[in-house]
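>>> here is the input, now give the coordinates:
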Amino acid sequence: MRIALIAHDKKKPDILAFAKENEGFLSQHTLYATGTTGKLIMEHTNLKIHCHKSGPLGGDQEIGARVANGEIDMVFFFRDPLTPQPHEPDISALLRLCDVYEIPLATNKKTATLLVR
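Take a look at the predicted model:
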C-alpha cells in the first residue's frame with residue numbers, strides 16, 4: 001500500500017507516537033509525507049519516507065495530486081481542529097479528494113489505529 005502521513009504542528013507528537021507504535025506495519029508499505037512530518041518521523045524511527053514540501057508550502061497539494069492520480073491508498077492526516085491554518089483551502093481540497101476517490105482517511109490517532117488493525 002501507498003500511505004500518506006501528514007500532521008499539523010500541534011499533532012506532530014501524536015503522529016510520531018503512532019508511527020513508533022506501528023513501525024512494523026508502516027515499514028511494509030511505501031510511505032509519503034509532507035516535509036516536516038516526514039523528516040520528524042524518519043529522525044525517530046527506521047522508516048523510509050518520500051517527503052514532499054511542507055504543508056503550507058504546497059505539500060498538501062502534492063499529496064492531493066497523488067490521491068487524484070491513484071498513487072495513494074490511505075491517508076493519515078492528524079489535523080488540529082482548534083487552530084486556524086493559513087492553508088485551509090489546501091487542506092479542504094485534500095480531504096475532498098480523499099472522499100471523491102474513496103481513499104481511507106484518518107484524521108486522529110484512534111481512527112488511524114483502527115485502520116491499521
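
>>> what's the mean pLDDT across stretch 58-73?
Stretch 58-73 carries an average pLDDT of 97.

>>> burial measure for the residue found closest to residue 112 once you drop the neighbours it is linked to in the chain, as a count.
Closest residue to residue 112 apart from its sequence neighbours, by C-beta to C-beta, 6 or more residues apart in numbering: residue 106 at 3.8 Å. Just so you know, the C-beta spots here come from the backbone N, C-alpha and C atoms, and that holds for glycine as well. For residue 106, the neighbour count with other C-beta atoms under 10 Å is 19.

>>> same question for residue 50.
Quick note: residue 50 (other C-beta under 10 Å) scores 12 neighbours.

>>> what about it, distance to residue 102?
Plainly put, residue 50 is 23 Å away from residue 102 if you go by C-beta to C-beta, to the nearest Å.

>>> so what's the residue count around residue 71?
Residue 71 has 13 neighbours, counted by other C-beta under 10 Å.

>>> tell me where this protein has helices.
For the chain, the helices defined by DSSP state H cover 12-21, 23-26, 35-44, 59-68, 88-100, 109-116.

>>> deepest-packed of those, please.
Most buried of those, by mean neighbour count (mean count of other C-beta atoms under 10 Å): helix 59-68, with a mean of 21.

>>> now tell me what touches that one from outside.
2, 4, 6, 32, 34-35, 52-53, 72, 75, 87, 90-91, 93-94, 97-98, 101, 103 (C-beta atoms under 8 Å, 6 or more residues apart in numbering).

>>> who wins for proximity to residue 81 among the helices of the chain?
helix 88-100 (10.8 Å; C-beta to C-beta).
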